[in-house]
Structures are given as structure tokens and as C-alpha cells.
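# model this:
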Amino acid sequence: MSSAKKIPMRKCVGCGEMKSKKEMMRVIKTAEDEFLLDTTGKKNGRGAYLCFSGECLKKAIKNKGLERSLKHAIPPEVYESLQKEMEAFETK
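Numbering: from 1, shown residues only. Sure, this is the predicted structure:
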């Protein structure tokens, strides 16, 4: 009797959609209070998940979804750098 392998699901903090972990990117807050995009999903730190779209990042900024998930106020410079990283990732 073989059991089907469970696929880890995560909720996007922008659109609220549930997707598999591999279909999403992770935004993490490290112990040094840095905010980074983690496309591998393996870096250490508290994480929040976003779809691979700029629209979801905009929604997450508007509804403060990232701040809630990371339990930390996020300065505007960080949002700007995340948007630049997201644009660079979308063009690949």
C-alpha cells in the first residue's frame, strides 16, 4: 500500500491563494533584521510566501500582509528593493 506524497501548500500574503511551496517565493527576515527574497526556500529566517508576480507584492504592501506575517514593521526602502528584485526575477 503506497501513500501519495504530501505536497506542502503555502498561502500568498498578497492574493491569499493557496499554492504549492515550489510555485511561490519566500520573503525572509533574518536574525540581523535583513529582508531578503529567498527563491530557494531554504534560507534561515522567518518567512512569508508570495506568488511570482509583481501584483501580489503590491497587494501585500497595500494590505500589510508581509508586515503581519513577518511580525515586524518594514521600511519603505525594503519594499523598493523587493520590487526591484521581483522585476529582475520576472524578466528571467
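# in the chain, what secondary structure element scores lowest on mean pLDDT?
helix 76-91 (a mean of 79; mean pLDDT, DSSP states H and E).
# which of the residues in that helix are buried?
78-79, 82, 85-86 (16 or more other C-beta atoms under 10 Å). Heads up, the C-betas are built off the backbone N, CA and C, glycines and all.
# Just name the closest of these to residue 24, please.
residue 86 (12.3 Å; C-beta to C-beta).
# Start and end of stretch 9-27, how far apart?
Length of stretch 9-27, first residue to last, C-alpha to C-alpha, to the nearest Å: 16 Å.
# for the record, mean pLDDT for that stretch?
Stretch 9-27 comes out with an average pLDDT of 89.
# residues of it that come out buried?
Going by 16+ other C-beta under 10 Å, stretch 9-27 has these buried residues: 10, 12-14, 19, 24-27.
# which of these sit farthest apart?
19 and 27 (15.0 Å).
# ok, so of the buried residues of helix 76-91, who is nearest residue 71?
For the buried residues of helix 76-91, the nearest to residue 71 is residue 78 (14.6 Å; C-beta to C-beta).
# can you pull the contacts of the closest residue in space to the closest one that isn't next to it in sequence?
Leaving aside its chain neighbours, residue 78 sits nearest to residue 35 (4.6 Å; criterion: C-beta to C-beta, 6 or more residues apart in numbering). Residues near residue 35 by C-beta atoms under 8 Å, 6 or more residues apart in numbering: 27-29, 70, 74, 78, 81-82.
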